[in-house]
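[1] Give me a 3D structure for the following:
(one chain, ligands or ions: 2)
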Amino acid sequence: MTELLRVNGLVTQFNTESGVVKACDGVSYYINEQEIVGLVGESGCGKSVSQLSVMQLISAPGKIAGGEVIFDGQNLLDYQANGPQMRSVRGAKIAMIFQEPMTSLNPVLTIGQQLTEMLVIHMKMSADAARKRAIELMGLVGIPAADSRIDDYPHHFSGGMRQRVMIAMGLSCNPKILIADEPTTALDVTTQAQLLEMMRDMVERFRTSLVIVTHNLGVVARYAQRIYIMYAGRIVESGMTKDIFAKPRHPYTIGLLKCIPRLDEEEGTKLVPIEGLPPNLINMPATCAFLPRCSYKIEKCYKEPWPELTPVNGDHFIRCYANTEVKPSESKKR
Ligand SMILES: Nc1ncnc2c1ncn2[C@@H]1O[C@H](COP(=O)(O)OP(=O)(O)OP(=O)(O)O)[C@@H](O)[C@H]1O
Ligand SMILES: [Mg+2]
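    Numbering: from 1, shown residues only. Ligands and ions are numbered 1, 2, ... in the order given. Model prediction:
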């Protein structure tokens, strides 16, 4: 498999009045060609910021303070955020569907005007050709009567249909990577499922890699080949979806899996939420940020800094000292 994107040690911070928020603190991951990857974690752990950093869409008081984003042999962070090189990547080679579709669609422009803009700018299409392609794209993502609805405004569309428009827009320039940030969170369960199925079909058709950003492990279980689990600005576990579901190794992932219903578990198994809250990302301790919530912690966790990602098996990595293969009480004896 050919690697498309590699992020190395990404550090993104926000200088706020209360202190420096380390939203991404050494985030590293990769995406292969035509792969679907899931980025999962609780609210506020840095998922969106990591993806916005790849697109260089971090504005003041935020700052990308370190790391590399290697795409096509180039470090995108060497490019000026608003310079021509980054503009030719953003939207055209790496596209993003943002977390709030209503704020990313311009309410005073028709869907057609917004869809054709990218095609004219990046694909150098004539207005007529762009309109034809936009109608085609709307049809592909399942918008009925696209040839008349293209002249409607965003408020004429339902939430699900707006999200379909966003997917059509994301794919319009045939990007190498599509980043979908919580693409279906605001929608009902049936619409969510339909959209995710459609998105999977679309990326296969367009040969695009897809990053699904979500707090819902159920979503990635179904669609992603590989998963990155994020906690407090860092990746804490990564691996093939099947391996992580069969044998999660980081206490946080184990906790997340206990919160979702699973078909492969005995009937009557209780769903258990992870106790406590994610930490404040200002003044983070050097030790593991999950320590206060962890039921597997051992003495070493209090003494040593948060470990680096270490392989547990092939392509399966965790950032943890404890032995999670045994019950929490036994792990303390180590
Ligand atoms: N403009 C900003 N100014 C200050 N802090 C910010 C800003 N944007 C993000 N942050 C902080 O960065 C951290 C990570 O935010 P991010 O939006 O990446 O979380 P997330 O994992 O995407 O959460 P969610 O699931 O709620 O979307 C949070 O603590 C957030 O408060
Ligand atoms: Mg987010």
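[2] Can you give me the distance of the closest residue to Lys297 other than its chain neighbours to Leu52?
    Excluding its sequence neighbours, the residue lying closest to Lys297 (Cβ to Cβ, 6 or more residues apart in numbering) is Leu291, at 5.6 Å. Quick note: C-beta positions are derived from backbone N, CA and C, even for glycine. According to Cβ to Cβ, to the nearest Å, Leu291 and Leu52 sit 28 Å apart.
[3] which residues of the stretch 101-250 of the chain score low on pLDDT?
    101-102 (pLDDT under 70).
[4] at 50 what do you get?
    By pLDDT under 50, the stretch 101-250 of the chain contains no weakly predicted segment.
[5] Just give me the neighbour total for whichever residue of it sits closest to ligand 1.
    Relative to ligand 1, the nearest point of the stretch 101-250 of the chain is His215 (5.2 Å; Cβ to the nearest ligand atom). Residues near His215, counting by other Cβ atoms under 10 Å, number 16.
[6] What of Gln51?
    If you count neighbours by other Cβ under 10 Å, Gln51 ends up with 22.
[7] Settle this for me: it is touching Tyr29, isn't it.
    No - counting by Cβ atoms under 8 Å, Gln51 sits too far from Tyr29 to count as a contact (10.6 Å).
[8] what do the two both touch?
    Residues touching both Gln51 and Tyr29 (Cβ atoms under 8 Å, 6 or more residues apart in numbering): Leu39.
[9] Up against ligand 1, what does the protein have?
    14, 16, 21, 23, 41, 43-49, 61-62, 99, 215, 281 (Cβ under 6 Å from any ligand atom).
[10] One more pass at 8 Å, please.
    14, 16, 21, 23-24, 41-50, 52, 59, 61-62, 99, 181-182, 213, 215, 230, 233, 280-281 (Cβ under 8 Å from any ligand atom).
[11] host element of the residue lying closest to Ile235 once chain neighbours are set aside?
    Distances taken as Cβ to Cβ, 6+ apart put Tyr228 closest to Ile235, at 5.1 Å, once the chain neighbours are dropped. Under the criterion of DSSP states H and E, Tyr228 resides in strand 226-231.
[12] give me every residue that touches Val27.
    7, 9-11, 46, 50, 67, 230, 233-235.
[13] next one: His156
    Per Cβ under 8 Å, 6+ apart, neighbours of His156: Arg149.
[14] now the closest residue to Val89 other than its chain neighbours: how far from ligand 1?
    Of all residues not flanking Val89 in the chain, Leu76 sits nearest, at 6.3 Å (Cβ to Cβ, 6+ apart). Distance of Leu76 to ligand 1, given as Cβ to the nearest ligand atom, to the nearest Å: 18 Å.
[15] hang on, the earlier thing: check the contacts of Val27 for burial and list the buried ones.
    Buried positions within the contacts of Val27, assessed by neighbour count (16 or more other Cβ atoms under 10 Å), are 7, 10-11, 46, 50, 67, 230, 233-235.
[16] Run through the helices of the protein in chain order.
    47-54, 84-89, 101-104, 111-122, 127-140, 146-149, 159-171, 189-206, 217-223, 241-246, 251-258, 299-303, 328-331 (DSSP state H).
[17] for Lys297, what are its contacts?
    If you count contacts by Cβ under 8 Å, 6+ apart, Lys297 has them with 251, 288, 291, 322, 332.
[18] meant to ask about Thr241, not that
    Residues counted as contacts of Thr241 (Cβ under 8 Å, 6+ apart) are 38, 220-221, 224-227.
[19] Format those as CSV; extra columns: neighbour count and distance to Asp315.
    CSV is the format used below for the contacts of Thr241 (neighbours: other Cβ atoms under 10 Å; distance: Cβ to Cβ, whole Å):
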residue, neighbour count, distance to Asp315
Gly38, 24, 15
Val220, 24, 16
Ala221, 19, 17
Ala224, 24, 14
Gln225, 16, 11
Arg226, 21, 8
Ile227, 24, 11
